[in-house]
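> Just need the structure, nothing else, for what follows:
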Amino acid sequence: MSAAVKTIVMQDKPLKKECSGGPEKAWVVFLLLGVLIVTIYANTFHAAWQFDDKPNIIKESRLHIEDLRPATLWSTFFAFKANGQLELFRPLPRLSFALNWYWGQDNTFGYHLVNLAIHIITSYTLYLAIYNLLLTPNLKRRYQPHDAASIALLSAVFWAINPIQTQAITYIVQRMASMAAMFYVMGIYCYVKARREHEHNQRKVILFYLGCLASFLGAIMSKENAAMLPISLCLVEVIFFRDIKGLIGNKNISHISALIVGSIVLLCIVYIVADGFGMFSKGYALRSFTMQERLLTQPRIIILYLSQLVYPLPGRLSITHDITVSTSLLSPWTTLPSTLAVLLLIGLGVSQMVKRPLVAFAILFFFLNHVIESTILPLELIFEHRNYLPSFFVFLPFAALMVYMINYYRDRKQSMVVVMTTFVTLLIMGLGCFTYLRNRDWRTETSLWRQAMEKAPLDARPVWNIANAIAWDKNVSALQLDVGLALFEKALSLNHAIEENNSRILRNIGLIHMRKGAYDKAVTAFKQSLRIDPYFREVRFDLVSAYMMMGKWDAASEQLDAILSKVEEGVKPDY
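Numbering: from 1, shown residues only. Now for the predicted structure:
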C-alpha cells in the first residue's frame, strides 16, 4: 500500500501526455483503482438481497426474461407499473437487472459483480474528469500535469473507498443511483474535454459534445437526480473556463445564461410531463411530515451527511436513522444552527470561486446535486446513497492540499515527506478497513437490520424487517413465530415514514395468528389493516381465508364481493 501511495503523491517525473491532455498511461490508474476497490469489496459478492431489492428485482416478473430478443429487451424499459399502467421508469438499470436475471436468476453474485464494475468505471472516469479540470485555463498555471495526475488519483481513491458509498454499491437496487452517477461523471468528462479541445480539433469537439449529450441521456434514464447535470456544467464553465472577475462584462455571458435558462426550462418540462404536481399532493399525503417540515429538517441531514463523509466510522452508517422532524427553526434546537451552517458553506463556496476554485467547486457541486433529493420532493428524509453523486469532488481540495504539502517539503525537509506519505497511507488503509467492516453488515437481512435497530431504536423499519426474517423463515418454529409477533407489535408503536406501513405490519400480525390457528385474532388484525388501507387487496384475500377457516361463509362471500367490486373510489367501508 505504501508503494502505491508513493506512486500517487510522489511522482518525480510528469506523466507523458497525449495531445488532448490526458495521461498516456491511464490504464495503470484504472488497474490500480480496480485492484484497490475489488480488494476492499471482496466480502460483498455473496451479500444477500435486501429491502427494496425484492420488490424491484426478485418479485418483478417483468424483468425475469428468458431470451435476448430486441422486443424482450425493449419490454424491460416499461417494467414499472404505476396506477395500473406500465410506465417508462429508470429503464437502463432495469434492463441491466433483466440481463443479470437472464444469466444468473436470483444468484446475487452477478448483480454484485456488475455493481462493482460500475463503481470502478465511475472512479476511473472521476479521475479523468478531475485530471482534465486541473488543466483547464483557470488552473493550468497552478498545476503541472504530474501534480494534476497525483491530485486526481488521490481524490478519486478517497471518494471510491469511503465507507458511505457502500449503500450505493453493495445494496443491489441502488445500481440506479450508481449508474446515474457513472453517466453523470462521463458527461462532465466529455464536456471538459470538448472545452479543452475547442481551439485544436473541431472534430473531437463535436464528438465529445455528443458524448456529453449521450451521457446526460444515460444518466437521466438511470435516475432523475441526474437532471442537474446541465446546471453542474454551468458551474464547471464558470469556475474553470471563465474570467469570473470580468464575467459580467463578458459578451459570452449570454451563452451561460442561455444554458442555465434552457436547463431550467428542460427541468420544468420533465416535471410537468411526469405529473410533478400530482406527485407532490399524493406523496405528502402518505408522509408523516409536511413539505415545510421536510425543508426545515434537510439542513440537519446535510450536516450529518458531511460528518459521515469526513468521519465515516462503520458505527455511524446505517440503512435507516432516527430523525426527529423539524417543526420550526427552534425545534429541535439544532435546526437553526444547521441551517446557518449550510448557508455559510454555500456562501463560502461562492466567495472562493476566484481565490480557491477547488474549494468553491467542491462545496457548490455538493449542494447543487442535493437539490433534487434534499429539498421539497416528498421522498423519505434520509438515505446515505444520496451522497454517491454529490460527493464526487468533496475530497478534491484535501487531495490538492496533500500533494502541495509533499511538494513543499520535498526539497526542504524529507522527514516531513515521510510523515505525510505515511499519513496518507494510513488514511487509505483506514478507509478501506472501515468499508470492509461496513460491508459485513450487508451479508444477510438479519445482520443488516440488527445493526440498524441498534443505531435507530425509534425507527419501525429495522424492527419489522427483523420480524419478517424471523417469522417467515423456511423452517420457522413456534418460538420464532412468537418472537416475530412480538416484534411486529412493537413496530406498530415506533416511527414510520409512511402510515400505510402499519397496514402491512398488521397484515403480518394477522398471518402469524392464522398460522397459529387464532383465526379470530387474525380477522381483527386484517380489519385494522383495511381501515388504514381499504385498497389492500391481498389483505381482503387473507380475510376471506380466515373467515373460511372459521366457517363464516357469508362473511367470506361479502369480502369476495368487495374484491370483485374493487371498492368505490374514495369510500372507506365500515368494518
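> Give me the pLDDT value at Gly262.
On the pLDDT scale, Gly262 is placed at 61.
> got the contact list for Ala546?
Ala546 sits next to 510, 514, 519, 522-523, 526 when contact means Cβ atoms under 8 Å, 6 or more residues apart in numbering. The way it works is simple: take the backbone N, C-alpha and C, and place the C-beta from them, glycine included.
> among those residues, who's most crowded?
Using other Cβ atoms under 10 Å as the neighbour test, the contacts of Ala546 are led by Phe526, with 30 neighbours.
> Go ahead and confirm it touches Asn508.
No. Counting by Cβ atoms under 8 Å, Phe526 does not reach Asn508; the two are 10.7 Å apart.
> overlap in contacts of those two?
Counting by Cβ under 8 Å, 6+ apart, Phe526 and Asn508 have no common neighbour.
> Now Tyr171. Nearest residue, chain neighbours left out?
Distance criterion Cβ to Cβ, 6 or more residues apart in numbering; nearest residue to Tyr171, sequence neighbours excluded, is Gln50 at 5.9 Å.
> Report the separation between that neighbour and Asp106.
Distance of Gln50 to Asp106, computed by Cβ to Cβ, to the nearest Å: 13 Å.
> So for the two, which residue has more residues nearby?
When Gln50 is set against Asp106 and neighbours are counted by other Cβ under 10 Å, the residue ahead is Gln50, at 21 against 14.
> would that one count as being in a helix?
No. Counting by DSSP: H, G, I helix; E, B strand; the rest coil, one finds Gln50 to be coil, located in no helix.
> ok, it to Ile57 distance?
The gap separating Gln50 from Ile57 is 11 Å, by Cβ to Cβ.
> now swap in Asn495 and tell me
Asn495 is 27 Å from Ile57, where distance means Cβ to Cβ.
> just Ile231 next, same as before
Look at Ile231 and Ile57: by Cβ to Cβ, they are 32 Å apart.
> and Thr320, what does it touch?
382, 452, 455-456, 459, 461-462.
> helix, strand or coil for it?
Under three-state DSSP, Thr320 falls in the coil class.
> got a list of contacts for the helix or strand where Leu36 lies?
Element membership of Leu36, judged by DSSP states H and E, is helix 26-40. Under the criterion Cβ under 8 Å, 6+ apart, residues 4, 7, 23, 116, 119-120, 123-124, 127-128, 149, 153, 156-157, 160-161, 432, 435-436 lie in contact with helix 26-40.
> Going toward the C-terminus from that helix, what's the next helix or strand?
Following helix 26-40 toward the C-terminus (DSSP H and E): helix 53.
> ok now the helix or strand just after that following helix, how far from the chain's centre?
On the C-terminal side of helix 53, the closest following helix or strand by DSSP H and E is helix 70-75. Offset of helix 70-75 from its chain centre (Cα atoms, centre = their mean, to the nearest Å): 27 Å.
> For helix 70-75, buried residues please.
Ser75 (16 or more other Cβ atoms under 10 Å).
> circling back: Arg443 is in contact with the residue nearest to Tyr171, correct?
No. In this structure Gln50 lies outside contact range of Arg443 using Cβ under 8 Å: 10.1 Å.
> CA-only coordinates of the strand or helix carrying Ala98 in CSV, if you can.
Secondary structure from DSSP H and E places Ala98 in helix 91-104. What follows is helix 91-104, C-alpha atoms only, in CSV (Å, rounded to 0.1, in the frame of the first residue of the first chain):
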residue,chain,number,x,y,z
PRO,A,91,-35.1,1.9,-17.9
LEU,A,92,-31.3,1.4,-18.1
PRO,A,93,-30.9,-0.1,-14.6
ARG,A,94,-34.0,-2.2,-15.1
LEU,A,95,-32.5,-3.5,-18.4
SER,A,96,-29.3,-4.4,-16.6
PHE,A,97,-31.3,-6.2,-13.8
ALA,A,98,-33.1,-8.2,-16.5
LEU,A,99,-29.8,-9.2,-18.1
ASN,A,100,-28.5,-10.2,-14.7
TRP,A,101,-31.6,-12.3,-14.2
TYR,A,102,-31.2,-13.9,-17.6
TRP,A,103,-27.6,-15.0,-16.8
GLY,A,104,-27.9,-15.8,-13.1
